[in-house]
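Undergrad: Here's a sequence, model it:
(chains A and B)
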Amino acid sequence: MDEAVVATDVAKRYGDTVALDGVDLTVAEGEVFGLIGPNGAGKTTLIRALTGTTPVDGEIRVFGSGPTTVDADRIGLLPQSFSPPARLTARELVDYYGGLYDSARETDAVLADVGLAETADSWYETLSGGQQRRVCVATALVNDPDLLFLDEPTTGIDPVGRRALWELLESLADGGTTVVLTSHSMAEVQRLSDRVGLLQDGQLVAVGTPTDLIADHGGRSRLVIGTAASESAVDPLREAGFAATAAADEVVVDGVSPVEIGEAVSALAAADIGYDSLTWTEPSLEDVYLQLTGERFEGVSTPGATALTEGASEEADEGAVAGGDR
Amino acid sequence: MSRSRRIRSEAVAAWHSFLRRRTAVFFTFFFPVILVVIFGALVRTQPTDGGLFAEPAAYYIPGYLATVVLFTPLSRVGSEIARHRDDNRFEKLATTPLTRGEWLAAHTIVNVAIIGLASLLILGLVLLLTDATIAVSNSLVMLVPFVVLAVLLFCGFGAVLGRVADTQDGVIAASNTIALPLLFLSDTFITLEQLPEWFGPLVALSPLTYFARGVRAITYAPAAGEPYLGDLAVVAALAVVFLVAGAYAIPRTD
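TA: Sure, this is the predicted structure:
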């Protein structure tokens, strides 16, 4: 497969601040590449570097050309903080940006794709934040680009609109469009991306498929048992071979496969310990993010996975978890 | 074809954006109107008393036209660049086929249209509210290239200003600081005789001087017959220089 984007040793400084530090990146044609990382990690700077809108050190090739000399008809960009003229309608804005290309898609079709057919004749400034963002996405799609850069495309968009946009991006990817996107929504990146790169402090610290990253860095599946008798529940579970840890009103059991849930419940029943809830989670990209960025916060649980508190991790590291791995 | 399509698309968007900012439209036309009303109708010219406005009313037509030819492009193009930068529009445009020169061309076309209309309004008001008469001759048609070229010139200047000043407030402040002295010290409202002798060469440095002298040669009967093509050539040459500089100054990156 040909390469759509090749970045070699890309570096960028803003004064004393290092925005990008020796980033190497390759995105194949037709691939969806997700960039994740904390605020200030360099995601937007990298998008700007790849689109030639900020000068950087290092080498960047886009479809074999420099980022400022590549055929602009092949590129679509949604900048992160972008506001088009506020007193044009959604339709006029799509017409406007479409008019900048040699050929453009039908305006109505583009507006329908982003779910704005009904509000096409409203001024941009009168639309909701999510609708405005969808107009901005439309301006990136209007030239039917081969390579689409989307910097936080779903910011401010409601769940229904977000899912519609995901489906749109998936259909574009199925049609062969290369997509480079950034997002703080791990669910979004995990769902859409063929490969994911995690930027931290300007460095690409991990690159891989979501599956590989989760396998390598996401930790194990986990069963959280809600019970007031959490201290008492630990021993029976450990005796049954589970890696159980007591926390406030819950017991966390690591490395539990779905078929083992019944065994854990049986162990509790045998010890006559009741429980209020059972929550089984498998590791997600969010766990990878938290693991690699070291941004786990005490008491914070995350969708799709229950984050270990920092204290619990330390406990585990210190051998407080008995029973070993299963 | 593609180039004209891009310029047209940018110009149409800019035109609609301008028309829908009602305060911008109002003050764009209100500013020259109030100037004509204050100086032309209220203060009135006093041909025999000396001092300011001592010339016949028609003498000041170039000055009234200069208010829109100078202020409007400087502030509009400069502000538009600041607004584009604030909203990351240049970042978006940099990935489209639209070039910086095409962007400036589109916005210059819009300014030519706006200032053309404002100039007609000013001429009408001057004739209506003052006792000025315009010298009617075949040369009068040359008023059009003078206005158009001067707008081109100051659109280029405004683009440079928009690049240098980093905010919309900064652009407005800078354009006022530059435009106000130019407006009064370019052989427009104040004659050379009213200025110190040593200031004469400085007047020649102002691009607006050539606009004012050329327009006066066309519209002011006592100046009829004075050569104006040289002034037109200077304005045209400076328009090219400032447009090129302006196109180069428009930001493409951060």
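
Undergrad: Chain neighbours aside, what residue packs nearest to residue 24?
TA: The chain I'm using is chain A. residue A:8 (5.7 Å; CB to CB, 6 or more residues apart in numbering or on different chains). Bear in mind the C-beta positions are built from the backbone N, C-alpha and C, glycine included.

Undergrad: meant chain B actually
TA: Using CB to CB, 6+ apart, the nearest residue to residue B:24 is residue B:18, at 6.2 Å.

Undergrad: Chain A: strands as residue ranges?
TA: A:3-14, A:17-28, A:32-36, A:57-62, A:75-78, A:147-151, A:178-182, A:195-200, A:203-208, A:222-226, A:243-247, A:250-254, A:277-281 (DSSP state E).

Undergrad: And for the residue nearest to residue B:24, the neighbour number?
TA: Neighbours of residue B:18 under the rule other CB atoms under 10 Å in any protein chain shown: 20.

Undergrad: Can you verify my assumption that it contacts residue B:114?
TA: Yes: between residue B:18 and residue B:114 there is a contact under CB atoms under 8 Å: 6.8 Å.

Undergrad: list residues touching both of those two?
TA: Here residue B:18 and residue B:114 have residue B:76 as joint contacts, going by CB atoms under 8 Å, 6 or more residues apart in numbering or on different chains.

Undergrad: residues in contact with the residue nearest to residue B:24?
TA: Neighbours of residue B:18 in contact, by CB under 8 Å, 6+ apart: B:24-25, B:76, B:110, B:114.

Undergrad: Could you tell me how many residues sit around residue A:249?
TA: 13.

Undergrad: Contact partners for it?
TA: Here residue A:249 is in contact with A:226-228, A:230 (CB under 8 Å, 6+ apart).

Undergrad: got TSV for those residues, with pLDDT and neighbour count too?
TA: Compiled in TSV, the contacts of residue A:249 are given as follows (pLDDT from 0 to 100; neighbours: other CB atoms under 10 Å in any protein chain shown):
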residue	pLDDT	neighbour count
A:226	93	13
A:227	92	20
A:228	89	14
A:230	89	20
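
Undergrad: Could you pull out the helices in the stretch 151-254 of chain B for me?
TA: Counting by DSSP state H, counting those that start in this stretch, the stretch 151-254 of chain B has helices at residues B:168-184, B:200-205, B:207-219, B:229-249.

Undergrad: mind checking which of the ones you listed is nearest chain A?
TA: Among these, the nearest to chain A by CB to the nearest CB is helix B:168-184 (13.6 Å).

Undergrad: Could you look over the helices of the stretch 151-254 of chain B and pick the most buried one?
TA: Of all those, helix B:207-219 has the most neighbours on average by mean count of other CB atoms under 10 Å in any protein chain shown, namely a mean of 26.

Undergrad: Assess the claim that residue A:132 and residue A:124 are in contact.
TA: Yes: assessed by CB under 8 Å, residue A:132 is found in contact with residue A:124 at 6.1 Å.

Undergrad: Compare the two and say which is more crowded by neighbours.
TA: residue A:132 (22 against 19).

Undergrad: thinking again about what came up before, for residue A:132 and residue A:124, list the residues in contact with both.
TA: residue A:83.

Undergrad: Report the backbone C-alpha coordinates of the helix or strand residue B:3 falls within in PDB.
TA: Per DSSP states H and E: residue B:3 is located in helix B:2-19. Taking C-alpha atoms only, helix B:2-19 is exported to PDB below (Å, rounded to 0.1, in the frame of the first residue of the first chain):
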ATOM      1  CA  SER B   2     -10.300  28.100 -11.800                       C
ATOM      2  CA  ARG B   3      -8.700  31.300 -10.700                       C
ATOM      3  CA  SER B   4     -11.700  33.400 -11.500                       C
ATOM      4  CA  ARG B   5     -13.900  30.800  -9.800                       C
ATOM      5  CA  ARG B   6     -11.800  31.000  -6.600                       C
ATOM      6  CA  ILE B   7     -11.700  34.800  -6.600                       C
ATOM      7  CA  ARG B   8     -15.400  35.000  -7.300                       C
ATOM      8  CA  SER B   9     -16.200  32.500  -4.500                       C
ATOM      9  CA  GLU B  10     -14.100  34.500  -2.000                       C
ATOM     10  CA  ALA B  11     -15.500  37.800  -3.200                       C
ATOM     11  CA  VAL B  12     -19.100  36.700  -2.900                       C
ATOM     12  CA  ALA B  13     -18.500  35.400   0.600                       C
ATOM     13  CA  ALA B  14     -16.800  38.600   1.600                       C
ATOM     14  CA  TRP B  15     -19.500  40.800   0.000                       C
ATOM     15  CA  HIS B  16     -22.300  38.900   1.800                       C
ATOM     16  CA  SER B  17     -20.400  39.000   5.100                       C
ATOM     17  CA  PHE B  18     -20.000  42.800   4.700                       C
ATOM     18  CA  LEU B  19     -23.600  43.500   3.800                       C
END
